[in-house]
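Trainee: no sequence on this one, just coordinates:
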């Protein structure tokens, strides 16, 4: 058998009436079949034998409709007939009322049966969809047949209800105004009192959001447990506001149309206020009594607009200041708010951390998506971190060409392996949400899985530049430098001094006293953390700066200062060696701060590396420390060899302030790399030749490229936007190169903020809550919105100071075992290497002397 047509999914066989009942022929097998009901001996019309999905066969026999002309209108009604009215209902499909007190009901309680069957069907479907693999094929088949039987029952209930209604209409013979024989009874009729109220029992209609969730009735009437149809997340009690937020921002499997629908519903709560409230608010006049202190018991509540405005400011303050949400219920805080604004009603802790925070995130995400939808040449940065609960958290930060940063996603990837394929899948998911063609680069550190994930993305999307974090590279150089015995011993001694004076209240007080006597400014001793290489310079510099005060304390108060600390301070060469280490750490610190800046470009990083190499080579070597200088240069060379330098050299060439000045025989490599980028962006060989021609004109400062570049007044992007060469191939390439942020320092800073937000008392925050808090804080802190005055006074140093004070980042140093050892021992090398053997690999590309005039 074959399907009749695409419109009729049931298989069927035509049974001709003329062949029915013959002992021979194609239908002779039918009388021999076992049937649930006896088959007729004769067919008046052609019929069909139909099989459904359960394998059940039905003989569909048409019958003529018997039309009754009697009682088809009011003029034909009999004396024993009456008039009833029909009322469609919810719990009952249809109810007929008679003035004498009779009522007829169709489909009473059928909706309850249908609901239970639908719920069972949904649970079976969910269970079937969770079973995968060939091994469970038979189990899926059985579940599918159970679902078909339930579906059949539902259809039969619906059809039976409609059939009974149609039969009753034929029985009463007049539609909408039925004549009902009063002397007949029916099992579906019941006697009712004339004074009974027939009002429908329908309540408030349910929110449409329930269409996307499986409802399970709870013991409390009107309340349901909920389970998402897309991601199977469950709620013990579903609340429409929470379910809307889930579809708007949390569910990863919901389609974009549904997500957008519920985003708009949430935004409408804040954009489209009640018209009457708006009118009252506009005509409201200020009186002098508005500024008087009034009795709290007689204060009227604030208008809806004022209440919501204060709610949003309160939420920003709690989130951006890292204040626990429980403070909102603190009686002293409540008393403060009542004094400031008696008419304001404080939200509860649950509301502040729940629906208010979620709605704020939805509004911010909508603004971010609007900004990213209009942006081009975006950079995606990502990095991983382990939170206090031991979960592996990855953040995805998107940076625009004008260096605006947006925390797009915070994911807990603890449940999956951090393979390159899995990371590439997460990266691609973000790219697809926004549009891969909007991105210019993906930047991560150089961990093996991250590097391979970047390669996978670059192979699939060749126009996206595979970028390794330059800040991570410079940090590795610093780490390699400090592995030498000489700086390691110096910093260890500095750390012992810092630890002693920070722990000894008497020693610290004496140090502060003598620092004031000697007019030493800059604060006290600084601590350092292993993973924060710039803090090592600050720690050593603070020791050298307080040299006079330390020597005074060590000489005059030996009963207060430990013996080993006195030996270190009074050692003949200690402060000299600290000064030598600082000469190496200072250019490294400047380079780290330079490449980690939010507005840095490929060209800025290349210039910073040139200056680092030049400064290191110029450091005077004393007291037999040639090997240390060579170790520093070898550390730079080691990381330089593993680095793709061509994006940096191309950016240095395209910088209108340098134009490749000082590069050594690099034109061929630069032009080939530019052609490769242009080809990856989808341009043909003719377009590549035009690009090379424009690069030659730029190098020669001809035509539109002859405009002078004024430093500190315009940026390279601004300069390139003024170029009017047609077609604008070189301009587009330059804007793409300068739009890339070549580091993921923003991801590291975000993890520092997360550590500060967790602190010691909020370590159990779930990922969704901490993501919401981080998104709100990051948006307002980094984009200067609504807090322009305070943000203008904040800089990275202030934020870094705040982070360093966080208890979560207090890292204990492992030097306690050496406290009882002797004082500082001077370091001498046994072998000296002639200075002419020192060579920095970066000198193969550029002359280190070109930037001397720019210092």
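Mentor: Nice, thanks for sending it over. Small disclaimer: the values here were computed from a predicted structure and weren't measured.
Trainee: got the domain boundaries for the chain?
Mentor: Domain assignment of the chain by automatic domain parsing yields the ranges 11-60, 76-191, 208-271, 275-347, 359-469+744-793, 491-643+824-855, 644-743.
Trainee: quickly, which of the ones you listed bottoms out on average pLDDT?
Mentor: Mean pLDDT is lowest for domain 76-191 among these, at a mean of 67.
Trainee: for the domains of the chain, which one sits closest to residue 478?
Mentor: domain 491-643+824-855 (4.2 Å; CB to CB). Any C-beta I mention is one placed from the backbone N, CA and C, and that applies to glycine too.
Trainee: nearest to residue 477, of the domains of the chain?
Mentor: Proximity to residue 477 (CB to CB) singles out domain 491-643+824-855 among these, at 5.1 Å.
Trainee: mean neighbour count added to the domains of the chain, as TSV?
Mentor: Listed next are the domains of the chain as TSV, based on neighbours: other CB atoms under 10 Å:
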stretch	mean neighbour count
domain 11-60	12
domain 76-191	14
domain 208-271	16
domain 275-347	13
domain 359-469+744-793	18
domain 491-643+824-855	17
domain 644-743	17
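Trainee: how about stretch 351-359: buried residues?
Mentor: For stretch 351-359, the neighbour count (16 or more other CB atoms under 10 Å) marks 352, 353, 354, 355, 356, 357, 358, 359 as buried.
Trainee: show me the residues you listed that map onto helices.
Mentor: Among these, the ones falling in helices (DSSP state H) are 357, 358, 359.
Trainee: so what does the helix or strand residue 373 falls within touch, helix or strand wise?
Mentor: In this assignment (DSSP states H and E), residue 373 forms part of helix 357-374. When contacts are defined as 3 or more CB pairs under 8 Å, 6 or more residues apart in numbering; DSSP states H and E, helix 357-374 sits against helix 240-245, helix 256-271, helix 304-320, strand 405-412, helix 420-434, helix 767-782.
Trainee: and that helix with helix 304-320, angle?
Mentor: Using axes from the mean of the first three to the mean of the last three CA atoms, to 10 degrees, one finds that helix 357-374 and helix 304-320 are set 80 degrees apart in direction.
Trainee: that older thread, of all the helices and strands packed on helix 357-374, which lies closest to residue 731?
Mentor: Across the helices and strands packed on helix 357-374, residue 731 has its closest neighbour in helix 420-434 (24.0 Å, CB to CB).
Trainee: and that closest one, what does it pack against?
Mentor: With contacts defined as 3+ CB pairs under 8 Å, 6+ apart, helix 420-434 has these neighbours: helix 357-374, strand 378-386, strand 392-399, strand 405-412, helix 448-460.
Trainee: show me the contacts for residue 345.
Mentor: 301, 302, 307 (CB atoms under 8 Å, 6 or more residues apart in numbering).
Trainee: need the contact list for the second one.
Mentor: Going back to what we said before, that points to residue 302. So residue 302 contacts 310, 341, 343, 344, 345 (CB under 8 Å, 6+ apart).
Trainee: ok so, going back, can you put the contacts of residue 345 in a markdown table and add distance to residue 561?
Mentor: A markdown table is the format used below for the contacts of residue 345 (distance: CB to CB, whole Å):
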| residue | distance to residue 561 |
| --- | --- |
| 301 | 64 |
| 302 | 62 |
| 307 | 61 |
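Trainee: between the domains of the chain, which gets nearest to residue 484?
Mentor: Closest approach to residue 484 among the domains of the chain is made by domain 491-643+824-855 (4.8 Å; CB to CB).
Trainee: so which elements touch the host helix or strand of residue 567?
Mentor: Secondary structure from DSSP H and E places residue 567 in helix 563-570. Here helix 563-570 touches helix 485-503, helix 547-556, going by 3+ CB pairs under 8 Å, 6+ apart.
Trainee: and of the ones you listed, who's closest to residue 735?
Mentor: Closest approach to residue 735 among the helices and strands packed on helix 563-570 (CB to CB): helix 485-503, 41.8 Å.
Trainee: could you list every helix and strand in contact with that closest one?
Mentor: By 3+ CB pairs under 8 Å, 6+ apart, helix 485-503 packs against helix 505-517, helix 533-545, helix 563-570, helix 574-595.
Trainee: nearest to residue 239, of the ones you listed?
Mentor: The closest of the helices and strands packed on helix 485-503 to residue 239 is helix 533-545. By CB to CB, the value is 47.1 Å.
Trainee: distance from the chain centre to that closest one, please.
Mentor: The chain centroid and the centroid of helix 533-545 are separated by 37 Å under CA atoms, centre = their mean, to the nearest Å.
Trainee: other residues contacting it?
Mentor: Residues from elsewhere that reach helix 533-545, judged by CB under 8 Å, 6+ apart: 475, 478-479, 482, 490-491, 494-495, 497-498, 520, 522-529, 550, 575, 578-579, 581-582, 585-586, 588-589, 592-593, 804.
Trainee: tilt between it and helix 574-595?
Mentor: Going by the same axes, to 10 degrees, helix 533-545 makes 150 degrees with helix 574-595.
Trainee: what are the phi and psi values at residue 523?
Mentor: phi 90, psi -170 (degrees, to the nearest 10).
Trainee: hmm, I was thinking of residue 95
Mentor: Backbone torsions for residue 95, taken as degrees, to the nearest 10, come to phi -130, psi 130.
Trainee: picking that back up, please name whichever of the helices and strands packed on helix 357-374 is nearest to residue 222.
Mentor: helix 240-245 (12.1 Å).
Trainee: now do stretch 254-272: distance to the chain's middle.
Mentor: Its chain's average C-alpha position is 17 Å from that of stretch 254-272, according to CA atoms, centre = their mean.
Trainee: so residue 657: helix, strand or coil?
Mentor: Under the three-state scheme (DSSP: H, G, I helix; E, B strand; the rest coil), residue 657 adopts coil.
Trainee: quick one: end-to-end distance for stretch 249-264.
Mentor: Criterion CA to CA, to the nearest Å; first-to-last residue distance in stretch 249-264 is 12 Å.
Trainee: oops, could you answer that again for stretch 130-137 instead?
Mentor: End-to-end distance (CA to CA), stretch 130-137: 12 Å.
Trainee: swap in stretch 244-259?
Mentor: Start-to-end, stretch 244-259 (CA to CA) is 9 Å.
Trainee: for stretch 570-585, what is the distance to the chain centroid?
Mentor: Distance of stretch 570-585 from its chain centroid, counting by CA atoms, centre = their mean, is 47 Å.
Trainee: same thing with stretch 216-235?
Mentor: For stretch 216-235, the distance to the chain centre is 26 Å (CA atoms, centre = their mean).
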